[in-house]
Each structure stands twice: as structure tokens, then as C-alpha cells.
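Peer 1: Coordinates only, no sequence provided:
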């Protein structure tokens, strides 16, 4: 019922396809060697997972309050996104910032 509701698409694009794009980008960042992680890349990961977490919270709200049905895969995706966001926060603390040099 959730995946066939009017809330399952954004315009003509399925929410699941948007999620696939999100997970593809996160996966590409995840395969970056730890020695190559920069503050900018970690910041991008934090912004990406933070935005996805906000969308996930909204989608869980829709399931509970509007649609009245639950999608197991959607809930799993929301939980994974929360873990990815928390991991990005931890990475932000562990990646040293570059010292400012002469301009």
C-alpha cells in the first residue's frame, strides 16, 4: 500500500529511484580510502546523509499519520540512513582539519 500510494513518487519519479541514487552516492564516498578522506568530502557526506535523514523522518511520518500503513523496506532504509548520518558525524570528528597556511 505504501509503495503504491500517491506519496510513492515525486512528480513522475519514484521515491525508490531517488533512494537508489542516494545510496549510490553514499556508497561511492564509502569506498574512498581512509587516507584520502578530506574535510570537504566528509562534510558532503554529512550534508547528504542529513538531508536523507530529514526526508526519511518525513516519509515515516507519512506512513504513520497519512497513509496508515508501514513499509518494512522504508523503515529499514530510514534506520540505515540514521546510522550513516551518525557515522558521518563521527567521521567529522576524526578527520583532521588542514592548518591554514599563508595565503
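Peer 2: In hand now; what should we look at? Here the structure is a predicted model, which means the values were calculated and not measured.
Peer 1: Could you use CA atoms for every contact and neighbour count after this?
Peer 2: Will do.
Peer 1: So in this protein, where's the weakest helix or strand by average pLDDT?
Peer 2: Across the helices and strands of the chain, mean pLDDT, DSSP states H and E gives its lowest value to strand 9-10, namely a mean of 91.
Peer 1: What lies in contact with that one?
Peer 2: Taking C-alpha atoms under 8 Å, 6 or more residues apart in numbering as the criterion, the residues outside strand 9-10 that touch it are residue 15.
Peer 1: do the same with stretch 58-67
Peer 2: 2, 5, 68-71, 74-75, 78.
Peer 1: Which neighbours in the sheet does the least confident helix or strand of the chain have, and how are they oriented?
Peer 2: Based on DSSP bridges, the strands next to strand 9-10 in the sheet, each with its direction, are strand 13-14 (antiparallel).
Peer 1: The strand it pairs with - what's its average pLDDT?
Peer 2: With pLDDT averaged residue by residue, strand 13-14 scores 94.
Peer 1: Tell me where this structure has helices.
Peer 2: When assigned using DSSP state H, the helices of the chain occupy the ranges 15-30, 39-61, 72-94.
Peer 1: helices or strands next to the last one in the packing?
Peer 2: In this structure, helix 72-94 makes packing contacts with helix 39-61, judged by 3 or more C-alpha pairs under 8 Å, 6 or more residues apart in numbering; DSSP states H and E.
Peer 1: Quick check: buried residues in stretch 38-56?
Peer 2: Within stretch 38-56, the residues that qualify as buried are 38-39, 42, 45-46, 48-50, 52-53, 56, counting by 16 or more other C-alpha atoms under 10 Å.
Peer 1: cool, and stretch 68-88?
Peer 2: By neighbour count with 16+ other C-alpha under 10 Å, stretch 68-88 contains the buried residues 74-75, 77-78, 81-82, 84-85, 88.
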